[in-house]
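J.: Provided below for reference: sequence and predicted model.
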Amino acid sequence: MTTALVLLLLAAGAYLVAVLEAWTASGRFRLAAPVVAGIALLGRESIVPRKPDRIFFEVAPVLLLLSALLAAAVVPLTPDLIITDLATGALFINAALVYVLVALLMAGWGPNGAYAMIGGWRFLGQLIAYAMLIVMPITAVVMRAESLLTTQIVASQASLWNIIYQPLGFVLFFVAAMALAFLPPFDLPTAKGELAGGVEAEYGGVRLAVFRLGRLALIITLAAATVVFYLGGWQGPWLPPWAWSAIKILAVTATMLLAGHAMPRIREADLLGWCWKLGIPLALLNIFIVGILVLALP
Amino acid sequence: MSAQAFFIGFFGLASVWFGVVVFRTHSMMRSALALLFSQTALGALFLSMQAEFLGVLQIMMMATEMSIMAIFMVMFMMDPGGLGEMDMTHQKRLSLAAGFVAFAAAVAAAVFVDWGPVASVAPDAAQQTHDLGVELLGRSMLIFETAGITILTAMIAATAVAMPPVKRIRNK
Amino acid sequence: MITGARHGKLSGLRRLTALAMARDLRAFLVPGPDIARAHGLDIEAAGMQIVASPRHASVLLVVGAIPPPLREAAAVIYAQMMRPRALFVLGSDELDQLPEADVRENLSQQYLIKGVRRLRTAFAEGAFRSDVADFDAPMLHARIEYTCPMHPEVVRDEPGSCPKCGMNLVAREAQAPAGHTHTDQQEMIVDADMHATSDQDHAGHHGMDHDTSAKYTCPMHPEVEQNEPGSCPKCGMNLELRESQGTKSHEDAGINPDGDHSGMDHRLMDHGDTAFMSMIDVTKDLPRSSDGLPMDWIDVPFGPFFPGLPGGLLLTLTLDGDTVAGSSVQTLGGNEELLQHSAMDSGSFIERLARVESLAPVSYRLLACRATENAAGVEVPAVTACARVGALERERIASHLGWLALFGQQTGFDWLQRCAASLQLKVQNAGIKQVLALKPDMEFLIKRLQRTPLLKSRTAGIGRLAPNAALHGPVARAAGISNDARSTDPSYSALRFTPVSREGCDAQARLQVRVEEITHSLALIAAAGVIEPPTPINIGEASGAGEAVVETPRGVARLRLTLEKGRVIAAQLETPSTHHLALIDPLIQQLALGDALVAIGSLDLAPWEVRQ
């Protein structure tokens, strides 16, 4: 029951993300556009390119969707609305999301096309940049909650949200989450103007529909995770918990989507350089500060 | 047969099967990802043995590591679209021998080591995580910290060795 | 009804999907969005979305007349599109390589909108049909050639035995020669259509002259062999054509029947049982990149319809990982004859030049006018000259805005792309009042550009070009050379013109120069006070030789022509893009792919004006 409800909410969220994304990208707000585009995609042919690695080509979109759904399974929307409250929840989100990388590598390798392949390898390079910036801020969050349970993490922010308690960690996590969802300006693997769609370039029809759905689910899951880790989850005055979760998640999604369209795509070399030379020291500093705070303020 | 035993068997066999695929395939990329899924199945095996933290950690770490291995394999072996008819085995006799010795050693260790009394009920996952943390920062701290520092040193040293001694010109 | 309909009966659920497809039209543009904008078309306002990959497109939109090599490339794109697909042609009659157009309209926004409406009806009614014919064209066939496994230099069109060792030759797919027009997207996927069709068709496509010894085998399971194409019973992969005996006896030698393994000899991996597989041995003959790591190099075609490059430009990059190790560039859009027949009257010559150079029609019209006037010895009144300045500067603004839009598209800077493109469409045919009314919008754009994060790191230091004589226009002015044909033009001196100059020599400086020139051009238009496109002055039956230069948005263009009794009998054109094309190869050596594209983009090439 809970599972079905969460999946339904996730689908609704993914739909809203699609509307928001089209709005930020083209400047037109059309509520029906994603459903029309979806039906049209399902009706189209889905060609397998020549000499593919058929297994990878077929598995990649499904794996992308699956990893987003698995990560969503441990994200609480209200104290009860969570598919499974794993004792290793905060770590599990990470483990599930790493398979986004595997899915993209497969999607890059499978179709035997140069644009897709470069896109896939680019995403691997991107992972090397952002991966640490996902794990280390979560570590600091977990330190404060003294638990890997996601519900416990939300509960630990009852007095003060983590965005204020550890703003540095929030910024790093937010940026890394955008990189993980390959949202602009981190859309290196799908770069339209550089790789003509990259990992997506060879997909069409049903497979493309699944791939895009997986991407949308990934974005909404990451936004939900950001809310849980830093924005106090379902907590808030006046409104019921589910409403607060929904409002916060949509606000985070909109911010993530809007930020990218106002700037050019980042250079890979810059991304790596900044993440390693600036991001990781800052993340360490964040852990250090939180450690002191946790000890000093019981 | 309980569900737990079934899953342990299933993931164990899956792990072995993916391990075999690593050498049976002709594509570097498939080989690397087969190894990844072999390790993931191992993580799932841990999960079905109620070792939650270990399982999740295994599943998470291996994805990154094997993907990075894949790019190195492809970079150096030049596998065009996985259609290269590449043979994944070499030094066959030596590796066969090494494989048998290692297998025998593992079986011997499993059989002959005194593992102590069997716990009737596994502690719950949160308790396990807690115990693991205490263990890592207590008795085993020195071992883990030494290993960590050693690996880090090795990585930095390897990078330093790999860098060509020419002065890099930055595009400025 | 559309020719590229998908197989099936239009009923029930399919009717619904057909309606959705009619609403959701996604267009792949040929030759590109830059040309569409230059023709004043706003594709998105007409209700279509522009996509970057043919796989995602349902409409192939051909804008204007395109030369034969581009038609061939467009046919490949059409084959790569997934059905149902439609061909929508604006203002072009000759499309011999492509199938019959589903909708054909004139080249203007009004007709575009009308055509979209017709397309929607066509999709709603004919997206599915029970009798669909395959699109088949000669360039979609992969050529099979036969080669000896031991002597790779032996390559034959027919099967047979090797003259050197008598072994049976092995079939493989011919590699497209470099720079061949198939190469719009990856050449590996040119005959995508094959997979859409049944297995019989597949055999028909491939089956040029394979004899009975040709077998189909699975790349993963060499033991699977059959006479018919199909999929592998073990893993489901498509079977590949292979000449059975030759391959079989030499499988151990590890020679790849595809011939893709150019740089490498697999025998090294299989030798001796106990010998260690040495990475040094394996990679010793490979070309080294600057970082000393030997890696697989791949040739990747970018263009002629690549979303981040000017339409008509075909760039082939040899990529070493993500780094450019080599490149070749050619234009499939340019090199059109200036004089269609032996001689043409001056009026049609002017029109023709303006039409051929579709990215800067006003500049070239002005160039042709000036050259004919010079040859005929006609003086232009100062008022006319001043009005022409207005028109030329307006085109400069539009062209630079178009460049900004392309840059935005290339670098994923959506806001810039949208904003610059809409301004370009507004400016390019506007009257003097409207142009000046758009000034605040342009100033806002420029101000916002200066504050954009990541823009500096994206462009600074990229595509460095030392000042030299080969540089023209904004590229030269960004390298501190202030040569500008406008400096010597009396009508510009009257408006107190001074050329822009920057010292940066890189993509950032070029961006700044173009942005600054927009401001300067606005000031010039305000000073000129009038905009009037150049119209040919009646030169009567004059004869003589003449020459003219015009500072086009991309640099100095020079035209020499000879008149005989009012007719142009010889013409010679020199354009900035011709010079810039030769700069590309050294410019992008060892740059990362993204940087290389920015470097090329910063030159603002117009493939249509290249003459070689």
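T.: On my side now, so go ahead.

J.: find the centremost residue of chain B, please.
T.: The residue lying closest to the centre of chain B (C-alpha atoms, centre = their mean) is B:Gln39, at 5.4 Å.

J.: find the nearest non-adjacent residue to it, please.
T.: Leaving out its chain neighbours, the residue that sits closest to B:Gln39 by C-beta to C-beta, 6 or more residues apart in numbering or on different chains is B:Met62, at 3.8 Å. Glycine gets a C-beta too; all of them are placed from N, C-alpha and C.

J.: helices or strands up against the helix or strand harbouring the residue nearest to the centre of chain B?
T.: Per DSSP states H and E: B:Gln39 is located in helix B:28-48. Where contact means 3 or more C-beta pairs under 8 Å, 6 or more residues apart in numbering or on different chains; DSSP states H and E, helix B:28-48 is packed against helix A:54-72, helix A:89-109, helix B:3-24, helix B:52-77.

J.: how far does it sit from the chain's center?
T.: Helix B:28-48 sits 8 Å away from the centroid of its parent chain (C-alpha atoms, centre = their mean, to the nearest Å).

J.: so what secondary structure elements neighbour the worst-scoring helix or strand of chain B on mean pLDDT?
T.: Ranked by mean pLDDT, DSSP states H and E, the weakest helix or strand in chain B is helix B:52-77, scoring a mean of 82. With contacts taken as 3+ C-beta pairs under 8 Å, 6+ apart, helix B:52-77 sits against helix A:89-109, helix A:114-145, helix B:28-48, helix B:125-136, helix C:279-283.

J.: make a markdown table out of these and add distance to C:Trp297.
T.: Shown next, in a markdown table, are the helices and strands packed on helix B:52-77 (distance: least, C-beta to C-beta, whole Å):
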| stretch | distance to C:Trp297 |
| --- | --- |
| helix A:89-109 | 17 |
| helix A:114-145 | 11 |
| helix B:28-48 | 17 |
| helix B:125-136 | 46 |
| helix C:279-283 | 12 |
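
J.: deepest of these, which one?
T.: helix A:89-109 (a mean of 26; mean count of other C-beta atoms under 10 Å in any protein chain shown).

J.: that one near chain B anywhere?
T.: Yes: interface with chain B: helix A:89-109 contributes A:Leu91, A:Phe92, A:Asn94, A:Ala95, A:Val98, A:Tyr99, A:Leu101, A:Val102, A:Leu105, A:Met106, A:Trp109 (C-beta under 8 Å from any C-beta of the partner chain).

J.: show me what that helix is packed up against.
T.: On the basis of 3+ C-beta pairs under 8 Å, 6+ apart, helix A:89-109 makes packing contacts with helix A:54-72, helix A:114-145, helix A:150-155, helix A:205-230, helix B:28-48, helix B:52-77.

J.: where does pLDDT dip in chain C?
T.: Residue ranges of chain C with pLDDT under 70: C:1, C:137-139, C:141-144, C:148-153, C:170-296, C:334-336, C:338-342, C:612.

J.: mind checking how far C:Ala421 is from chain B?
T.: 30 Å (C-beta to the nearest C-beta, to the nearest Å).

J.: give me the element the nearest residue to that residue once chain neighbours are set aside is part of.
T.: Spatial nearest neighbour of C:Ala421, excluding adjacent residues (C-beta to C-beta, 6+ apart): C:Ala405 at 4.1 Å. Assigned by DSSP H and E, C:Ala405 belongs to helix C:382-410.
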